[in-house]
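Engineer: Got a sequence here, can you build the structure:
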Amino acid sequence: MTRSRDIAAIRNIGIMAHIDAGKTTTTERILYYTGVSHRMGDVDAGNTQMDWMEQEQERGITITSAATTCFWRDHQVNIIDTPGHVDFTVEVERCLRVLDGGVVVFCAVAGVQPQSETVWRQADRYQVPRLVFVNKMDRTGADFSNCVAQIRGRLKAHAVPVQIPIGRESSFKGVVDLVEMRALIYDRDRLGADYTVGPIPGDYAEAAARAREDLLDAVAEYDDEVLDKYLAGREVTPDEVRRVLRRATVTNQVVPVVCGSAFRNKGVQPLLDAVVDFLPSPADLPAVSGIEPYRSNGTVVAVERTASDEQPFCGMAFKIMNDPYVGQLTFVRAYSGVLRAGETVLNSTQGLRERAVRLVRIHANKREETKELHAGDIAGVVGLKGTVTGDTLCDPGAPIRLETPRFPDPVVDVAIEAQSQTDTERLFASLRRLALEDPSFKFRVHEETGQTLVSGMGELHLEIIVDRLLREFGVSTRVGRPQVAYRETVTRAAEAEARYVRQSGGHGQYGHVLLRVEPLPRNSGVHFEDATVGGVIPKEFIPAVERGVREAAAAGVLARYEVVDLRVTLLDGSYHEVDSSDLAFKVAGSMAFKDAVARGSPILLEPVMALEVRVPTEYLGDILGHLSTSRARVVKVEPVGDLHLVNAEVPLGETFGYVTRLRSLSQGRGVHTLEFLHYAPAPAAVVARVMEAGRVN
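Structural biologist: Numbering: from 1, shown residues only. Modelled structure (predicted):
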């Protein structure tokens with residue numbers, strides 16, 4: 001079966017932005033104008049197609065990324081609508097890993113906001129070409145030029161407007177297309193479905209001419225032929241402008257900027273035109289790179305797959321979802337080759353074979369059966385039992401393993417227990433399913449207290465988890481107060497030796513290791529290295545030592561928090577030909593690790609958050625005064641219209657309940673956002689309090 005559409009006519013894009021910038025509304029309008037839906041969903045009314053979860057409809061925010069497909073100008077556009085709240089940033093991370101392009105939505109009033117910067121950095125990390133949609137041009141205070149200036153200044157992006165607005169705030173009525181030099185005026189009575197294409201209004205002719213010159217300046221910079229025509233005063237055609245802009249966008253040299261008001265149904269069709277004209281198809285991007293796994297001699301061999309059906313199949317599982325009708329549904333992006341329903345694929349990340357029982361096209365929470373998944377496609381696969389987020393799926397005859405996306409560690413813990421004893425087993429089964437879906441959610445049983453602790457990216461994240469336990473799995477729970485997820489690390493190098501010797505009837509147990517631990521930079525995790533020589537420990541026992549080290553690192557020596565940011569080197573040891581075993585070396589590795597950490601001057605690390613507060617000027621003094629009592633470091637204070645913007649770094653432990661405090665200090669007029677920044681050494685008073693709490697528990 002051949003593909004129904006040429007790969008050059010496919011666009012895989014994500015809609016990304018700060019919370020409340022209008023991502024979901026923009027997506028809903030796209031679905032309406034492309035004929036996928038016959039009514040316009042409204043976030044406030046809770047009837048959007050993309051925000052299909054009950055929690056999303058009740059809160060008016062996007063919680064989980066939702067996928068859909070539409071068609072525009074004979075192009076297939078696969079869209080993923082991502083969350084804007086920082087607690088769900090992992091959804092953006094894993095989607096950007098597999099997308100070819102992005103539409104970043106900015107509010108014309110607020111401009112570049114904290115989560116806007118976060119998603120922009122994520123897109124930079126994966127080198128995702130993108131274009132900008134400046135939304136809410138109808139809102140009081142909308143300023144297109146200021147928004148573009150912020151994108152250039154704060155994000156260091158070469159933002160190139162290909163439109164300018166006609167009117168602003170309540171008088172916004174259309175846009176000037178700088179490529180074709182024409183005006184698009186929207187009919188207010190036709191829900192944006194009809195617009196008039198005509199000459200540029202006289203009072204906008206001068207502004208349009210200046211903006212056109214700026215556009216040609218930018219285009220000429222990336223093409224010698226266009227530069228020659230421009231300098232000679234000859235006309236540069238619209239097709240030439242589009243061709244050069246597309247090439248520069250695909251190579252991440254420029255970011256085209258369009259504008260509109262999705263809620264007022266203006267500017268959405270030109271946005272779709274820009275997606276088709278400027279963002280890449282899978283064939284426009286470089287070949288995906290990976291390594292060839294299972295090399296017996298330990299050498300690393302790089303391999304590539306190009307976006308072609310003729311190549312062996314290669315794809316990535318980027319999202320797991322528990323579907324009430326089909327069970328576990330795995331979202332897969334195909335980079336090369338063809339996967340057919342019923343075929344067996346190799347999960348090269350975990351070294352297991354899986355059968356793709358069924359393939360489905362996804363539209364939010366609806367499914368459509370399909371027989372084949374082609375290079376460049378995004379679809380759901382039913383039947384994969386052991387595959388998790390980030391795993392590579394490939395042709396068993398041509399193995400390849402792609403780089404797995406990195407996900408942030410959770411920073412907030414709460415204790416949770418089932419309301420009844422009969423629900424306890426169901427609670428753990430439900431938590432396992434939720435953790436499989438969400439790599440930023442974890443749970444564990446505290447060794448000393450026996451409490452079940454769930455960990456997430458913030459209070460809202462854990463609130464949603466508890467709500468889903470009740471609604472989706474029917475498990476009622478009792479939840480404790482949020483707790484900070486501290487970490488432990490060492491500050492100097494140290495060595496320790498451990499022997500695990502047990503004798504009983506028959507074979508005994510013997511394991512002997514010498515380890516060294518040394519500190520690494522923040523966010524380095526735990527690195528294990530084998531530096532033994534001469535076979536002092538047989539190679540088959542080395543993985544057991546590493547397992548013992550990593551299990552011991554899950555509970556540190558100060559307050560039993562996870563140990564991070566250190567290198568563990570296996571230096572020496574010995575073995576017994578009869579009594580040595582995996583278990584013995586695992587226990588010896590654990591014992592030596594704990595001893596070495598205790599000798600390495602361990603410290604407690606606390607998560608530090610980036611806080612942004614927008615508050616009317618008359619309340620600025622109260623806000624700064626409260627921050628000074630919260631161990632916060634104020635980074636910047638700047639006026640934004642009639643408000644003040646305060647940027648600060650504050651320990652997570654000082655932020656619980658901050659929304660209530662801010663409302664009180666600003667009479668409900670202040671708003672804030674929090675984003676995890678980094679871990680930093682906790683002061684002595686905090687260490688003493690945490691350790692005392694551990695002793696009490």
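Engineer: where does the stretch 351-500 of the chain dip in pLDDT?
Structural biologist: 364-365, 446-449 (pLDDT under 70).
Engineer: now the strands: where do they sit in it?
Structural biologist: Along the stretch 351-500 of the chain, the segments classed as strands by DSSP state E, counting those that start in this stretch run 352-355, 358-363, 366-370, 372-374, 378-382, 392-394, 401-402, 412-418, 442-445, 452-456, 477-479, 483-484, 487-489, 494-502.
Engineer: what angle do the helix or strand following the last one and strand 494-502 make?
Structural biologist: In other words, strand 494-502. Following strand 494-502 in sequence order, the next helix or strand is strand 509-519 (DSSP states H and E). Put simply, strand 509-519 runs at 170 degrees to strand 494-502, going by axes from the mean of the first three to the mean of the last three C-alpha atoms, to 10 degrees.
Engineer: ok, residues contacting the helix or strand following strand 509-519?
Structural biologist: For strand 509-519, the following helix or strand on the C-terminal side (DSSP H and E) is strand 526-530. For strand 526-530, the external contacting residues (C-beta atoms under 8 Å, 6 or more residues apart in numbering) are 520, 542, 546, 549-550, 553, 563-570. Quick note: C-beta positions are derived from backbone N, CA and C, even for glycine.
Engineer: try 7 Å this time
Structural biologist: Contact with strand 526-530 is made by 520, 542, 546, 549-550, 553, 564, 566-570, as judged by C-beta atoms under 7 Å, 6 or more residues apart in numbering.
Engineer: Only the buried residues of it, if you could.
Structural biologist: Across strand 526-530, burial judged by 16 or more other C-beta atoms under 10 Å covers 526, 528.
Engineer: Same question for stretch 387-396.
Structural biologist: Of the residues in stretch 387-396, 387-395 count as buried by neighbour count, 16+ other C-beta under 10 Å.
Engineer: possible to save these as JSON lines with distance to residue 134?
Structural biologist: As requested, the buried residues of stretch 387-396 are exported to JSON lines (distance: C-beta to C-beta, whole Å):
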{"residue": "387", "distance to residue 134": "39"}
{"residue": "388", "distance to residue 134": "38"}
{"residue": "389", "distance to residue 134": "32"}
{"residue": "390", "distance to residue 134": "33"}
{"residue": "391", "distance to residue 134": "37"}
{"residue": "392", "distance to residue 134": "37"}
{"residue": "393", "distance to residue 134": "38"}
{"residue": "394", "distance to residue 134": "41"}
{"residue": "395", "distance to residue 134": "44"}
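Engineer: most centrally placed residue in the protein?
Structural biologist: For the chain, the residue nearest the mean C-alpha position is residue 93 (1.9 Å; C-alpha atoms, centre = their mean).
Engineer: contacting residues for it?
Structural biologist: Residues near residue 93 by C-beta under 7 Å, 6+ apart: 122, 405, 407.
Engineer: before we move on, what about residue 384?
Structural biologist: Residue 384 neighbours (C-beta under 7 Å, 6+ apart): 328, 330, 354, 356.
Engineer: same check, this time on residue 379
Structural biologist: Residues counted as contacts of residue 379 (C-beta under 7 Å, 6+ apart) are 332, 359-362, 370, 373.
Engineer: I'm done for today, thanks for sticking with me.
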